[in-house]
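> what follows is a predicted protein model with its sequence.
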2 protein chains.
Amino acid sequence: MSKQIPYKVYLTEEEIPKAWYNIRADMKTDHRPILHPGTLEPMTADELSPVFCTELVKQELNDKDRFIEIPEPIRDFYKMYRPSPLVRAYCLEKELKTPAKIYYKYEGGNTSGSHKLNSAIAQAYYAKEQGLKGVTTETGAGQWGTAMSMACGHFGLDLKVYMVKVSAQQKPYRKTVMETFNAKVTPSPSDTTNIGRKMLESDPESGGSLGTAISEAVEVAVTTEGYRYTLGSVLNQVLLHQSIIGQEAKAAFEKIGEYPDIVIGCAGGGSNLGGLMSSFMADKLAGKKAPYFIAVEPASCPSLTRGKFAYDFCDTGMVTPLAKMYTLGATYKPPSNHAGGLRYHGMAPILSQLYHDGFINEARAIVQSDVFEAATTFARVEGNLPAPESAHAIRAAIDEAIKCRETGEEKTILFGLSGTGYFDLGAYAQYNDGTMTDHIPTDEELELGFSAIPKVDK
Amino acid sequence: MSKQIPYKVYLTEEEIPKAWYNIRADMKTDHRPILHPGTLEPMTADELSPVFCTELVKQELNDKDRFIEIPEPIRDFYKMYRPSPLVRAYCLEKELKTPAKIYYKYEGGNTSGSHKLNSAIAQAYYAKEQGLKGVTTETGAGQWGTAMSMACGHFGLDLKVYMVKVSAQQKPYRKTVMETFNAKVTPSPSDTTNIGRKMLESDPESGGSLGTAISEAVEVAVTTEGYRYTLGSVLNQVLLHQSIIGQEAKAAFEKIGEYPDIVIGCAGGGSNLGGLMSSFMADKLAGKKAPYFIAVEPASCPSLTRGKFAYDFCDTGMVTPLAKMYTLGATYKPPSNHAGGLRYHGMAPILSQLYHDGFINEARAIVQSDVFEAATTFARVEGNLPAPESAHAIRAAIDEAIKCRETGEEKTILFGLSGTGYFDLGAYAQYNDGTMTDHIPTDEELELGFSAIPKVDK
């Protein structure tokens, strides 16, 4: 029998990557630029700098440098919670009676509860370095807002969070965590912005959407002295920072002499999947042996599987730049019974392009009762309560492992366990008491969102 | 400059201890036996076996064997979340401008959210091995019930949890977590037991107490075929299982060539402090160089600092055996504004004896607003949201580090970060919005509890 692979593979602190991997430098197809919402021309660094920190604008537009050095204060912060473990799911394999080897990269062990901290600490650092007073952001399920709160708390930077109102109501404790780290949390839509007031006028009972919260946070950033805006997904800079996940995962596999056959990540805006796949996708782009990539999304918010590949706004208020991406339309809202996260209408342009070009092999949409069934199985056997977002990837990993049981193939499966479920217990309670329902939008329901996608001839 | 000590010191999986350390074998003073509640004679294994699993009864009564081998299925489970990291709190040191070196042993990184899992998985394993159908237990703040749910979920064992009613109301999501792992949760006092019904008759509005929940869980265990009772603290067997914390901590210090001058643990029933100090206390009992030990407890539940060292019941219903311990009386309830955990009326007999004999150097009681102030500081600089229980130890560690700043001493401080604060956000919300108050019981208030302590001439 070969040497037993440990349950958890850790890198040393010295082995934490010292640079982020910029996948754009390796992408074959031109990465389409983001467009100015007024002129529809590619946005320049000057036009972006009222919105984002100067250094982050450079990163957003950088498609040349394969590696960008991680500043030492960020690396020091990473050392407080990284490297994250690559875990061999021995108990899940046994439960499924599969010959497959299942691994997961666990990003939920830090206080923010998810991988989002990897980019949050970078964005807070650059804001602090630039001498800003504070930043704004939005949050849906609360993972990003929590991460950004921790990051700003660490650097002593002010933070204003616009939180999707329905989430704020469902998850009051997310607000408490953010406040504990000194953030100011406002349910969105709110009466603190022009866009929020407009939304409230047309629908006073609105539960909000991520797109609206983005509009509010951007408005406040560009109209408040010493502030900039931060975003937890979708952007090139975010996928850049999240590349640390995939770099670490690949290095951990090298340590044990393995390489994954399949890489599975949940995909909302794309930060988790984009991070997890980074170094493996580099192999594929270089024409080397590479895994089969699966993006998993909710059936109720199916941007990759049922969306259009088109230029669209990143927000509902249509104040942000336009990005070429798979989108359900900026006005799309998941059905009200949707309990998990991953509720963004679009998908990161980098991932959209890679999917469009066939480098991401497959996108798969899953209904939430199947997601929570997988989450519960995983929690019981592996002793780890997953975030509903991450459980999308677990579902696909379980399904792939069951296929291996049927074919007898000993595939090596890697999935991203991007967060903990501690803050999603309302959804678990629904699942436990049998009140959770599924809803797959009809084509007619999706048409409403599509009709809001602007016609752009690029 | 000397070699930089990493932020997190990990042992390898092979270095996880293969045996628990049984401190009773080294204790100088006779460890007083537990007494039968009827006869007041030392309880025999036969008398204990309707309550506890056979193997756990043996462990409970074992004062001879210094080491007890950890069965392989338990070691395999440990590998899913252990070894836990020994963390150097560089950012806290910087914040405090102290020459002290501050370390914490972090036990909150598993899904149960605390160190309790170390004993839960052992107790569930022995119950399964004995062929039992299920076990019962009680939980206060919810840490132990969550840990026991995970452990039983893993081994497919039924679990009935009696949860202190006021906690169940304050923390509905704790119930959800337990149910996700398949446990049946009943708020206590309940109408499912004789003792519960009696309590409800005398006070229909009762919010319950840990002592009452214990009574209910024991009653159900001894009256239900194929069931036994499990307990998360106080008992010798629990401190035995928790010795893995201290053994790992000492081994990690050896790896970096350090040894703590001060060891600080929060103490409710004593499971955390008992575990953390284990191998260091072994040094002291052997007459070697050893740390200064500090037990920290809430000012509103001050068993060590203001309790009596006497034989007392472990539960309010007075059905359990009597133990010689520091106690506030089995009827004692912390004031209703008490928000943290650590609400047990007594202290583990092992710790009580060690404190009585001067081996634990100091016990310190802290009011909750000081506890949450320390928790918030720690969370912001270290990026880790602590459980209120653990924050008692943080408070003392901060105070000791500040003393070092004043004296210039470079002491090495170790404290136990026994759990995460994810499930205590109601208490954090109180602290954040300024509605948290402190209450130090008067001598008269304590007299009420003392008057219920039985007169035992031993």
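Yes, it's here.
> mind checking if stretch A:9-19 is in reach of chain B?
Yes: applying C-beta under 8 Å from any C-beta of the partner chain, one finds that stretch A:9-19 is in contact with chain B at A:10, A:12-13. Where you see a C-beta, it was placed from the backbone N, CA and C, and this is true even at glycine.
> cool, stretch A:429-441 as well?
Yes: looking at stretch A:429-441 against chain B by C-beta under 8 Å from any C-beta, the contacts come from A:429, A:432.
> and the nearest residue to A:Ala124 once chain neighbours are set aside, what does it touch?
When the adjacent residues along the chain are set aside, A:Ala124 lies closest to A:Ala151, with 3.7 Å between them (C-beta to C-beta, 6 or more residues apart in numbering or on different chains). Shown in contact with A:Ala151 (C-beta atoms under 8 Å, 6 or more residues apart in numbering or on different chains): A:77, A:117, A:120-121, A:123-125, A:157.
> of the residues you listed, which pair is most distant in space?
The span of the contacts of A:Ala151, defined through C-beta to C-beta, is set by A:Leu117 and A:Leu157 at 14.7 Å.
> out of those two, which sits in the more crowded spot?
For A:Leu117 versus A:Leu157, neighbours defined as other C-beta atoms under 10 Å in any protein chain shown are more numerous around A:Leu117 (29 against 20).
> show me what contacts A:Tyr126?
Per C-beta under 8 Å, 6+ apart, neighbours of A:Tyr126: A:53-56.
> just among these, which is most surrounded?
A:Leu56 (29 neighbours).
> distance from the host helix or strand of that one to the middle of the chain?
Assessed by DSSP states H and E, A:Leu56 sits inside helix A:54-61. Relative to its chain's centre, helix A:54-61 lies at 19 Å (C-alpha atoms, centre = their mean, to the nearest Å).
> other SSEs contacting that helix?
helix A:45-48, helix A:117-129, helix A:236-255 (3 or more C-beta pairs under 8 Å, 6 or more residues apart in numbering or on different chains; DSSP states H and E).
> and the least confident helix or strand in chain A by mean pLDDT, what other elements does it pack with?
Least confident helix or strand, chain A: helix A:165-170 with a mean of 88, by mean pLDDT, DSSP states H and E. On a contact count with 3+ C-beta pairs under 8 Å, 6+ apart, helix A:165-170 meets helix A:172-180, strand A:184-188.
> which residues sit against the shortest one?
For strand A:184-188, the surrounding residues in contact (C-beta under 8 Å, 6+ apart) are A:138, A:145, A:158-165, A:168-169, A:175, A:178-179, A:192, A:196, A:208, A:212-213, A:216.
> restricted to buried residues, select the residues you listed in PyMOL.
Buried members of those, defined by 16 or more other C-beta atoms under 10 Å in any protein chain shown, are picked up in PyMOL with:
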select buried, chain A and resi 138+145+158+159+160+161+162+163+164+165+168+175+178+179+196+208+212+213+216
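> how much space separates the residue lying closest to A:Gln130 once chain neighbours are set aside from chain B?
Among residues not flanking A:Gln130 along the chain, A:Cys53 sits closest, at 5.2 Å (C-beta to C-beta, 6+ apart). A:Cys53 sits 21 Å away from chain B, going by C-beta to the nearest C-beta, to the nearest Å.
> hang on, the earlier thing: show me what secondary structure element comes after the helix holding A:Leu56.
Next helix or strand after helix A:54-61 toward the C-terminus (DSSP H and E): strand A:67-69.
> sheet partners, orientation included, of that next one?
strand A:19-21 (antiparallel) (DSSP bridges).
> buried ones in the partner strand?
A:20-21.
> measure how buried the nearest residue to A:Arg82 once chain neighbours are set aside is and give me the count.
Distances taken as C-beta to C-beta, 6+ apart place A:Ile16 nearest to A:Arg82, at 5.6 Å, with adjacent residues excluded. The tally of other residues near A:Ile16 (other C-beta under 10 Å) stands at 18.
> show me the strands in the stretch 1-150 of chain A, by range?
Under the criterion DSSP state E, counting those that start in this stretch, strands of the stretch 1-150 of chain A are mapped to A:8-9, A:19-21, A:67-69, A:86-88, A:101-106, A:134-139.
> which of these sits closest to B:Lys28?
Nearest of these (C-beta to C-beta): strand A:8-9, 39.4 Å.
> mind listing what the residue sitting nearest the centre point of chain A touches?
Ranked by distance to the mean C-alpha position of chain A (C-alpha atoms, centre = their mean), the top residue is A:Ser271 at 3.2 Å. A:Ser271 makes contacts with A:115-116, A:119, A:232-234, A:238-239, A:242, A:348, as judged by C-beta under 8 Å, 6+ apart.
> A:Arg405 too?
A:96-100.
> ok, back up a step: would you confirm that the residue nearest to A:Gln130 contacts A:Lys128?
No: under the criterion of C-beta atoms under 8 Å, A:Cys53 makes no contact with A:Lys128, lying 9.3 Å away.
> next, count neighbours for A:Glu445.
Count around A:Glu445 with other C-beta under 10 Å applied: 14.
> cool, A:Leu132 as well?
18.
> now A:His439
Number of residues near A:His439 (other C-beta under 10 Å) recorded here: 15.
> helix, strand, or coil at it?
coil (DSSP: H, G, I helix; E, B strand; the rest coil).
> and A:Ile360, by the same measure?
coil.
> that one reaches A:Glu297, doesn't it?
No: judged on C-beta under 8 Å, A:Ile360 makes no contact with A:Glu297 at a distance of 11.7 Å.
> out of those two, which sits in the more crowded spot?
Counted by other C-beta under 10 Å, A:Ile360 and A:Glu297 do not tie: A:Glu297 has more neighbours, with 27 against 24.
> quick check: beta-bridge partners of the more buried one?
Going by DSSP bridges, A:Glu297 forms beta bridges with A:Ala365.
> before we move on, the earlier item: ok, now which ones touch the residue nearest to A:Gln130?
A:123, A:126-127, A:129-130, A:132, A:228.
> mind showing which ranges of chain A have poor pLDDT?
A:1-3 (pLDDT under 70).
> list phi and psi for the closest residue in space to A:Val367 that isn't next to it in sequence.
Distance criterion C-beta to C-beta, 6+ apart; nearest residue to A:Val367, sequence neighbours excluded, is A:Asp438 at 4.0 Å. Note on A:Asp438: backbone dihedrals following degrees, to the nearest 10 are phi -110, psi 150.
> against A:Thr305, how distant is A:Asp438?
For A:Asp438, the distance to A:Thr305 (C-beta to C-beta, to the nearest Å) stands at 15 Å.
> how about A:Asp312?
Taking C-beta to C-beta, one finds A:Asp312 at 17 Å from A:Thr305.
> same check on A:Val234?
18 Å.
> which one of the two is surrounded by more residues?
A:Val234 (26 against 17).
> which SS state does that one fall under?
Applying three-state DSSP to A:Val234 yields a three-state assignment of coil.
> right, and it touches A:Ala323 too?
Yes: using C-beta under 8 Å, A:Val234 is in contact with A:Ala323, at 7.3 Å.
> mutual contacts of those two, please.
In contact with both A:Val234 and A:Ala323: A:314, A:346, A:349, using C-beta under 8 Å, 6+ apart.
> follow-up on the earlier one: can you tell me the closest non-neighbouring residue to the residue nearest to the centre of chain A?
A:Ser233 (4.0 Å).
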